[in-house]
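> Mind looking at a prediction? Sequence and model below.
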Amino acid sequence: MTFRTRDPLHHLMLDDVRGAQKMLSGVARVTAMEGSRHLSSLVGAPVQLKCENLQRTGSFKLRGAYVRIAGLRPEERAAGVVAASAGNHAQGVALASKLLGVHATVFMPVGAPLPKVAATREYGAEVRMYGHVVDETLAAAEEYARETGAVFIHPFDHPDIIAGQGTVGLEILEQCPEVRTILVGIGGGGLAAGVGLAVKSLRPDVKVIGVQAEGAAAYPPSLAAGHPVVIESPVTMADGIKVGRPGDVPFALVREYVDEVRTVSEDDLSSALLLCLERAKLVVEPAGASPVAAILADPGAFQGPVVAILSGGNVDPLLLQRILRHGMAAGGRYLSLRLRVTDRPGALATLLAVLTVVDANVLDVSHVRTDPRLGLTEAEVELHLETKGPEHCREVEEALRDAGYTVLG
């Protein structure tokens, strides 16, 4: 199966996605669909999670990469392939190439998470570190393709890639035939385009809703303009959907088959990731949690049954630690504050006794005595506390003030 003889802006058909599904049989997993009682209670209808975070390589990217590389002519395979990615696409291309016996060179930015670099190498790709931002890495990969004749495998802007990603939509209709709304994260648009095409071709009554991070939302202005628009310097923790310009091929399909594109905040993403971990026992990266973030932000907006696609689970442990702390703070379960106390023996023990009474769990304490802002008999204490929610946070602060402490924030 290949689209190489067609116009690169060829309008894909359902049969293309069905062909990709056959090609991926025995290669990509039919990932599980897990129900979420908590999200269902918020929406007032069943909510299912499509667990592409449990796909081989930890994301949906293997699907499109395999279909694209499998469609190359023998002489193209012999020349090898090249890709640029900070994570998921790199791993998808690496494993697909290994399975198909094709040499893969993957350019990754300097500073890419070490677990993702290690996984890409373990899948058999030659990894080259270049550039500090993805645009520099992408340019290096394209130059390599021109110099060596290797085939450049774009992460989203190719019909084969979109056909492969569209197989997620076919699986959803098979696993949850009663679905009425599908939520999918959008970066360049390959997954949303493929899912929208597959689902709308078979079930035009199902709503397909895209979700972008507020700081990297290129699709709303692009859809308003009627063509892809560049946003400068996209900023979001969700690196899997941190794309400054929609792809030409997916944009046309998203415009036709996706009903709406919503945006979510960084706090929404943090809270969604925390919910997936705590309630669903699923490790999900911020981009993968974006559909859940949309539900948390406006649960009454979606007609059920709802399917939220968890597109990936490749999150760096250090980033996960920061995100979880941020998510706990956003949910009122983590409180940071500074206090002025009298600098005398036993003052810290007295302070901690107040926190014990209100059942606040102390995670970290920093005690500063030498600072020009402090009086001779003063000290400043910074506290990091685990709390039970917004009301408990207010109770903790009120108890400290009642005990005579000055809460600085």
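Arrived safely, thanks for sending. Residues are numbered from 1 along each chain as shown.

> This structure: strands as residue ranges?
For the chain, strands defined by DSSP state E occupy the ranges 33-35, 47-51, 81-84, 104-108, 126-129, 151-152, 181-185, 207-213, 260-264, 306-310, 334-342, 361-368, 378-386, 406-407.

> name the helices or strands packed onto the fifth one?
What that stands for is strand 126-129. With contacts defined as 3 or more Cβ pairs under 8 Å, 6 or more residues apart in numbering; DSSP states H and E, the secondary structure elements packing on strand 126-129 are strand 104-108, helix 114-122. (Each C-beta comes from the backbone N, C-alpha and C, glycine too.)

> again, 10 Å this time
With contacts defined as 3 or more Cβ pairs under 10 Å, 6 or more residues apart in numbering; DSSP states H and E, the secondary structure elements packing on strand 126-129 are strand 81-84, helix 88-100, strand 104-108, helix 114-122, helix 134-148.

> Of all the strands of the chain, which one is nearest D316?
Ranking these by their distance to D316 (criterion: Cβ to Cβ) puts strand 104-108 first, at 13.1 Å.

> The closest one to helix 114-122, inter-axis angle?
Orientation note: strand 104-108 sits at an angle of 170 degrees relative to helix 114-122 (axes from the mean of the first three to the mean of the last three Cα atoms, to 10 degrees).

> Which positions within stretch 86-101 qualify as buried?
The neighbour-count check on stretch 86-101 (16 or more other Cβ atoms under 10 Å) flags 86-97, 99-100 as buried.

> ugh, wrong one, stretch 345-363
Of the residues in stretch 345-363, L351, V354, L355, A360 count as buried by neighbour count, 16+ other Cβ under 10 Å.

> Can you give me the end-to-end span of that stretch?
Separation of the first and last residues of stretch 345-363 by Cα to Cα, to the nearest Å is 22 Å.

> Who is the residue nearest to L39 when sequence neighbours are not counted paired with across the strands?
Of all residues not flanking L39 in the chain, V47 sits nearest, at 3.9 Å (Cβ to Cβ, 6 or more residues apart in numbering). Here V47 sits in beta bridges with V306, as judged by DSSP bridges.

> that older thread, and of the helices and strands packed on strand 126-129, who's closest to L320?
Minimum separation from L320 across these (Cβ to Cβ) falls at helix 114-122, 10.6 Å.

> pLDDT of that closest one, averaged?
The predicted model assigns helix 114-122 a mean pLDDT of 90.

> Quick one: list the elements packing against it.
Under the contact criterion of 3+ Cβ pairs under 10 Å, 6+ apart, the helices and strands touching helix 114-122 comprise helix 88-100, strand 104-108, strand 126-129, helix 317-330.

> For the longest one, C-alpha coordinates in CSV please.
Backbone C-alpha positions of helix 317-330 (Å, rounded to 0.1, in the frame of the first residue of the first chain) are rendered in CSV as follows:
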residue,chain,number,x,y,z
PRO,A,317,10.3,11.0,34.9
LEU,A,318,11.7,14.4,35.9
LEU,A,319,9.0,16.2,34.0
LEU,A,320,6.4,13.8,35.4
GLN,A,321,7.5,14.8,38.9
ARG,A,322,7.2,18.5,38.2
ILE,A,323,3.8,18.0,36.4
LEU,A,324,2.4,16.0,39.2
ARG,A,325,3.4,18.6,41.7
HIS,A,326,1.8,21.3,39.5
GLY,A,327,-1.3,19.2,39.0
MET,A,328,-1.6,18.7,42.8
ALA,A,329,-1.3,22.5,43.3
ALA,A,330,-3.9,23.2,40.6
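
> mind checking how far that helix is from the chain centre?
Averaged C-alpha coordinates place helix 317-330 at 14 Å from its chain's average position (Cα atoms, centre = their mean, to the nearest Å).

> Taking helix 114-122 as reference, get the angle to it.
Relative orientation of helix 317-330 and helix 114-122, computed by the same axes, to 10 degrees: 140 degrees.

> Poorly predicted segments of the stretch 101-250 of the chain, please.
Counting by pLDDT under 70, the stretch 101-250 of the chain contains low-confidence residues at 133.

> looking at the helices and strands packed on strand 126-129, which is buried most?
Burial of these is given as mean neighbour count (mean count of other Cβ atoms under 10 Å); strand 81-84 ranks first at a mean of 28.

> partner strands of it, parallel or antiparallel?
Strand pairing for strand 81-84, using DSSP bridges, gives strand 104-108 (parallel), strand 151-152 (parallel).

> Reformat those strands as a markdown table; add distance to D135.
Rendered in a markdown table, the data for the strands paired with strand 81-84 read as follows (distance: least, Cβ to Cβ, whole Å):
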| stretch | distance to D135 |
| --- | --- |
| strand 104-108 | 12 |
| strand 151-152 | 15 |
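
> Next, count neighbours for the residue nearest to G149 when sequence neighbours are not counted.
The spatial neighbour of G149 that comes closest, neighbours along the chain excluded (Cβ to Cβ, 6+ apart), is A79 at 4.5 Å. One way to gauge burial is a neighbour count; for A79, by other Cβ atoms under 10 Å, it gives 16.

> hang on, A79 packs against H103?
Yes - assessed by Cβ atoms under 10 Å, A79 is found in contact with H103 at 8.6 Å.

> Can you check which residues contact both of these two?
A150 (Cβ atoms under 10 Å, 6 or more residues apart in numbering).

> before we move on, back to that, show me the buried residues of stretch 345-363 that map onto helices.
Counting by DSSP state H, the members of the buried residues of stretch 345-363 that fall within helices are L351, V354, L355.

> list the contacts for the closest residue to S36 other than its chain neighbours?
Distances taken as Cβ to Cβ, 6+ apart put V47 closest to S36, at 4.9 Å, once the chain neighbours are dropped. If you count contacts by Cβ under 10 Å, 6+ apart, V47 has them with 34-41, 181, 183, 291-292, 295, 299, 302, 304-308.
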